[in-house]
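Engineer: Sharing a sequence plus its predicted fold:
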Amino acid sequence: MKALILLGCPESPSQTPMAVYASYKLNKLGYDVTIASTPAASKLLEISDPEGIYIKNRINIDKSLSNLDEGQYGLLVGFVPKDAAASYFVTFYHILQTKSIAIVFEKDQDILDNLTNIIEESTEADIVSIRAYHNPTPIRVKFDKAIAKLGDN
């Protein structure tokens with residue numbers, strides 16, 4: 001089974017370690033993981049996992065859009081810390097039509113609520129919504145709960 005992780009702008013300090021962690025956890029569950037990201041996020045991943053132990057496949061988020069097909073991935077996981085990331089997630093969700101988890105995180109509660117509402121109104125994805133920015137632990141805890149449900153289905 002294949003999984004696609006979406007990463008936009010790497011401004012949030014929690015995003016890169018969580019992307020490596022998500023890839024690790026999904027690999028352990030038997031997923032062949034690909035990360036679609038911006039060039040800046042891709043460079044941070046390359047430096048974070050220089051030997052490709054956790055992140056084996058990376059593609060450009062913009063260039064990959066024209067090559068997507070429904071059912072190509074069995075799972076979509078999107079990191080959503082900004083409006084642009086929400087737009088990417090919704091777009092990929094509607095193209096792929098697959099099981100999806102949106103990891104919505106922000107330090108400002110109003111922005112977090114707005115981003116969560118965008119995903120809720122535009123998709124039927126499972127949503128991990130948490131007020132976090134620097135510390136990835138709260139995101140990890142909720143992500144672990146979300147992926148534990150994958151085995152229940």
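Structural biologist: Nice, I can see it.

Engineer: Any buried residues in the longest helix along the chain, and which?
Structural biologist: Identified as the longest helix of the chain according to DSSP state H is helix 137-152. Judged by neighbour count (16 or more other CB atoms under 10 Å), helix 137-152 contains these buried residues: 139-140, 142-143, 147, 150. No exception for glycine: its C-beta is placed from N, CA and C like everyone else's.

Engineer: Just the strands from this protein, written as ranges.
Structural biologist: Ranges of strands within the chain are 2-7, 32-37, 57-60, 75-80, 99-106, 126-131, based on DSSP state E.

Engineer: hang on, the earlier thing: most widely separated two among the buried residues of helix 137-152?
Structural biologist: Farthest pair in the buried residues of helix 137-152 (CB to CB) is Ile139 and Leu150. Separation: 17.0 Å.

Engineer: Where does the prediction get shaky in this structure?
Structural biologist: The chain contains residues with pLDDT under 70 at 151-153.

Engineer: Grab the most central residue of it for me.
Structural biologist: What sits nearest the mean C-alpha location of the chain, by CA atoms, centre = their mean, is Gly78, with 2.5 Å.

Engineer: which residues does that one form a beta bridge with?
Structural biologist: Following DSSP bridges, Gly78 is listed with bridge partners Leu6, Ala102.

Engineer: what's the distance between it and His94?
Structural biologist: According to CB to CB, to the nearest Å, Gly78 stands 12 Å off from His94.

Engineer: Distance to Ser66 added to the strands of the chain, as CSV?
Structural biologist: Below are the strands of the chain laid out as CSV (distance: least, CB to CB, whole Å):
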stretch, distance to Ser66
strand 2-7, 15
strand 32-37, 12
strand 57-60, 11
strand 75-80, 17
strand 99-106, 20
strand 126-131, 27
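
Engineer: and these, which is most packed in?
Structural biologist: strand 75-80 (a mean of 27; mean count of other CB atoms under 10 Å).
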